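**Student:** heads up, no residue letters with this:
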């Protein structure tokens, strides 16, 4: 496998070099196009139009949106890392024209409104994040507590969430039909979750990576899933090398790698320890969570400057609540206020634990 990985890395480096050579970089550049990427860094928006990037200061939860038509002028600026990523920065950028995309509410926005009407904050934002991967309506103070306790991954449409959806559906259906049929329906549910979560690039990547782990578990081919993950990550970087700087891409890749390579080792070690506590850990499927925590901790520290030493403890307390919150949250979208009190009870317990440790 090492030789194959080296071949893929060589091809990727060649593709990045060619992309850097081909990307145009003049003294002054005038760019017209649609915004295809918006990233917040504190109070500054980094706006992307194809390979071009520029910074635009704006207030919290305001500013540019994907799909906006923009004409911007700036001086070309590119470092060695930008060359390899095929990226061009526009220094001292001035926006000459901007046509905002019509702010239409999609299906996910309408579903989030159901939680906002029937649940208080921050429980409404928490459930919307867990079920739909929607974070913009969450209280900032509670979001900071999630980062502090190392539990922010539960409100991101990550590979872990996708695996949880597939596992819950499979466990429910395996008693009603053949395992192959149940696996197929579980995969459909995972794709449906990705669609409900917005269907944006980070969600699609999470669905792909989570599906690889799920298929490997369901078919008993755990050893092949590692190579499939490497190929999937390689293909994504071949299409867009700038993904290597995407926090969502890093977290999905790392969490999925943890489920593939680290979780079996943890489970193997737990099986050797004959204690009731370890049996509870295994039966509640907390070993995958611990594995994901181990592989994502360095990325969280690098990007957020924080490393929570209590994260494993907090995750062991709150993560058994995640499947319940997902199921009740999905039921609330159908049954409304009949399910809302139960959803609130689980979400409130989650909030109390996170805030106590945070």
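**Tutor:** Thanks, I have the structure now. What you are looking at is a predicted structure, and each value in this text was computed from that prediction instead of being measured.

**Student:** Show me what counts as buried in the stretch of helix or strand residue 331 belongs to.
**Tutor:** Taking DSSP states H and E as the criterion, residue 331 maps to helix 321-335. Using 16 or more other Cβ atoms under 10 Å as the burial criterion, the residues of helix 321-335 that qualify are 321-330, 332-333. C-beta: built from backbone N, CA, C; applies to glycine.

**Student:** Can you name the secondary structure element that comes next after the helix or strand of the chain with the lowest mean pLDDT?
**Tutor:** Taking mean pLDDT, DSSP states H and E as the measure, the chain has helix 276-283 as its least confident helix or strand, at a mean of 57. Next helix or strand after helix 276-283 toward the C-terminus (DSSP H and E): helix 287-304.

**Student:** Can you name the residues in contact with that following helix?
**Tutor:** With Cβ atoms under 8 Å, 6 or more residues apart in numbering as the test, helix 287-304 has contacts from 147, 150, 152-153, 160, 163, 247, 250-251, 254-255, 257-259, 262-263, 266-267, 270, 281, 306-308, 311-312, 315-316, 319.

**Student:** now do stretch 235-251
**Tutor:** Here stretch 235-251 makes contact (Cβ under 8 Å, 6+ apart) with 11-12, 15-16, 19, 84-87, 153, 156, 158, 202, 205-206, 296, 299-300, 303.

**Student:** Report the buried residues of the longest strand seen in the chain.
**Tutor:** Taking DSSP state E as the criterion, the chain has its longest strand at strand 88-99. Burial within strand 88-99, assessed by neighbour count using 16+ other Cβ under 10 Å, is assigned to 88-90, 93.

**Student:** Please apply the same query to stretch 232-249.
**Tutor:** By 16+ other Cβ under 10 Å, the buried positions in stretch 232-249 come out as 232-234, 236-237, 241-244, 246, 248-249.

**Student:** do stretch 1-20 as well
**Tutor:** By neighbour count with 16+ other Cβ under 10 Å, stretch 1-20 contains the buried residues 8, 12, 16, 19-20.

**Student:** will you turn these into TSV that also has distance to residue 347?
**Tutor:** Compiled in TSV, the buried residues of stretch 1-20 are given as follows (distance: Cβ to Cβ, whole Å):
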residue	distance to residue 347
8	42
12	42
16	43
19	45
20	47
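
**Student:** Show me these that map onto helices.
**Tutor:** Under the assignment DSSP state H, the buried residues of stretch 1-20 contribute 8, 12, 16, 19-20 to helices.

**Student:** which secondary structure element contains residue 143?
**Tutor:** Judged by DSSP H and E, residue 143 forms part of helix 140-148.

**Student:** Who are the packing partners of that helix?
**Tutor:** If contacts are counted by 3 or more Cβ pairs under 8 Å, 6 or more residues apart in numbering; DSSP states H and E, helix 140-148 sits against helix 340-357.

**Student:** Low-confidence regions, the stretch 101-250 of the chain specifically.
**Tutor:** Scanning the stretch 101-250 of the chain with the threshold set as pLDDT under 70 gives 101-106, 156-160, 198-202, 213, 217-223.

**Student:** And what about residue 67, helix, strand or coil?
**Tutor:** For residue 67, the assignment made with DSSP: H, G, I helix; E, B strand; the rest coil gives coil.

**Student:** How about residue 254?
**Tutor:** helix.
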